[in-house]
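Student: Below are the sequence and a predicted model; questions follow.
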Amino acid sequence: MLGGSSIKIISGTSHVEIAELIAKRIGVPLSKAVITRNGIGETSVRLMESVRECDVYIINSGCASNGSSVNTALIELCIMIHACKIASAKRITAVIPLFPYARQDKKDKNRAPITAKLVANMIQNSGCDHIITMDLHASQIQGFFDVPVDKLYAEPSAVHYIRTQFNVKDVTIVSPDAGGAKRASSIADRLGVDFALFHKERKKANEVSRMVLVGNVNSKIAILVDDMADTCGTLCFAAQHLKEAGAERIFAIVTHGILSGNAIKSIEESALEKLVVTNTIPQHENLARCSKIEVINIASVLGEVVRRSHYGESVSKLFDEIPY
């Protein structure tokens, strides 16, 4: 083992299921920790086994779940890191499938904060030595840290899904906005298929006023790809435009299925045949409420990068391939 240290995997409360899958992939049990909240919402963490001189991986996604908020998940992660730090852990890695506040990555208005930078400072100053995350909304967030950041991609899993579910020659990959063009064109190049994108204009945040399709989707299977789906207004609006443009079937593949507000209702009523998301966020409730949602398991990717990180192996191969 790395430097003779043993590995410990500890889960927060935001996404216990993926922590269990990662631990199973590596072949070690989850280490026991008791996480409670008192009547005024303060979080308390108690490690139930020694982590002295251990390589510790703390898994907590930046999402609202189990009745708690994103802020609760974030402060819980920081407290768990701090608890391991003062318990003499050798190295502490935060595994954050969905990085919280990733969309607040720049100062886009007067007197606006760069909250993603604040979150990076909080996590790092808690005592974290290494970050593992997936499909950051903005790549520059990696530069907010002074510790190593491994940013994984859901792209290989998306490519594998498309190849196994569709006749690739009938597919056109579509980006719902210009910002996602690089992601969509990369997938299209790997599949050897056509690429299209939408130019969109917003009246205000999370509300699209106008979309213009650039590219041909007539008689094609149009697959929208994006890093996250929140209210799903853009995806549903794009799906309707694709239908009007002559697309035969319309799908969407998204890494982080946040699905807040009226997202489920919008998906059910949209022209989308299916919305495919990964399990960076718990999806049990959404699956029960919406028949159009399908989940890709990316725990094997996260588990493999944890294993490789622990044993000092390269993780670059995982940027292009999915582990088996």
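Tutor: All right, it came through fine.
Student: Now do the strands in the stretch 51-200 of the chain.
Tutor: 55-59, 91-96, 130-134, 149-152, 171-175, 194-204 (DSSP state E, counting those that start in this stretch).
Student: Would you mind giving the domain segments of this protein?
Tutor: Following automatic domain parsing, the chain resolves into domains at 2-153+299-319, 155-296.
Student: about what we covered before: TSV please, covering the strands of the stretch 51-200 of the chain and showing mean neighbour count, mean pLDDT and distance to K117.
Tutor: (Glycine included, C-beta is placed from N, CA and C.) Converted to TSV, these look like this (neighbours: other CB atoms under 10 Å; pLDDT from 0 to 100; distance: least, CB to CB, whole Å):
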stretch	mean neighbour count	mean pLDDT	distance to K117
strand 55-59	28	98	21
strand 91-96	26	98	15
strand 130-134	22	97	14
strand 149-152	20	95	13
strand 171-175	26	97	27
strand 194-204	15	80	24
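Student: is it possible to export those strands to a markdown table including distance to R25?
Tutor: A markdown table is the format used below for the strands of the stretch 51-200 of the chain (distance: least, CB to CB, whole Å):
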| stretch | distance to R25 |
| --- | --- |
| strand 55-59 | 12 |
| strand 91-96 | 12 |
| strand 130-134 | 13 |
| strand 149-152 | 14 |
| strand 171-175 | 29 |
| strand 194-204 | 33 |
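Student: Nearest to K32 among those strands would be which one?
Tutor: Shortest distance between K32 and the strands of the stretch 51-200 of the chain, using CB to CB, is found for strand 55-59: 13.0 Å.
Student: Packing partners of that closest one?
Tutor: Counting by 3 or more CB pairs under 8 Å, 6 or more residues apart in numbering; DSSP states H and E, the packing neighbours recorded for strand 55-59 are strand 7-11, helix 16-26, helix 70-86, strand 91-96, helix 299-310.
Student: please redo it, this time with the cut-off set to 10 Å
Tutor: In terms of contacts (3 or more CB pairs under 10 Å, 6 or more residues apart in numbering; DSSP states H and E), strand 55-59 is packed against strand 7-11, helix 16-26, helix 70-86, strand 91-96, strand 130-134, helix 299-310.
Student: Parallel or antiparallel, list what pairs with the fourth one.
Tutor: Going back to what we said before, that points to strand 91-96. Strand 91-96 has the following sheet partners, assigned by DSSP bridges: strand 55-59 (parallel), strand 130-134 (parallel).
Student: and that strand, how far from the chain's centre?
Tutor: Taking CA atoms, centre = their mean, to the nearest Å, one finds the center of strand 91-96 at 16 Å from the center of the full chain.
Student: Kindly calculate the angle that it makes with helix 70-86.
Tutor: 170 degrees (axes from the mean of the first three to the mean of the last three CA atoms, to 10 degrees).
Student: and the angle for strand 91-96 with helix 299-310?
Tutor: 160 degrees.
Student: in a strand, that's where S50 is, yeah?
Tutor: No - counting by DSSP: H, G, I helix; E, B strand; the rest coil, S50 is located in no strand; its state is coil.
Student: what's the closest non-adjacent residue to it?
Tutor: A87 (7.3 Å; CB to CB, 6 or more residues apart in numbering).
Student: In contact with that neighbour, which residues?
Tutor: Counting by CB atoms under 10 Å, 6 or more residues apart in numbering, A87 touches 47, 49-52, 54, 56.
Student: can we see that at 8 Å?
Tutor: By CB atoms under 8 Å, 6 or more residues apart in numbering, the contact list for A87 reads 47, 50-52.
Student: just D105 next, same as before
Tutor: Listed by CB under 8 Å, 6+ apart, the contact partners of D105 are 114, 116-117, 137-138, 140-141.
Student: and the contacts of A87 as a markdown table, adding neighbour count, distance to M122 and pLDDT?
Tutor: Below are the contacts of A87 laid out as a markdown table (neighbours: other CB atoms under 10 Å; distance: CB to CB, whole Å; pLDDT from 0 to 100):
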| residue | neighbour count | distance to M122 | pLDDT |
| --- | --- | --- | --- |
| L47 | 18 | 20 | 97 |
| S50 | 13 | 26 | 96 |
| V51 | 21 | 21 | 97 |
| R52 | 11 | 25 | 96 |
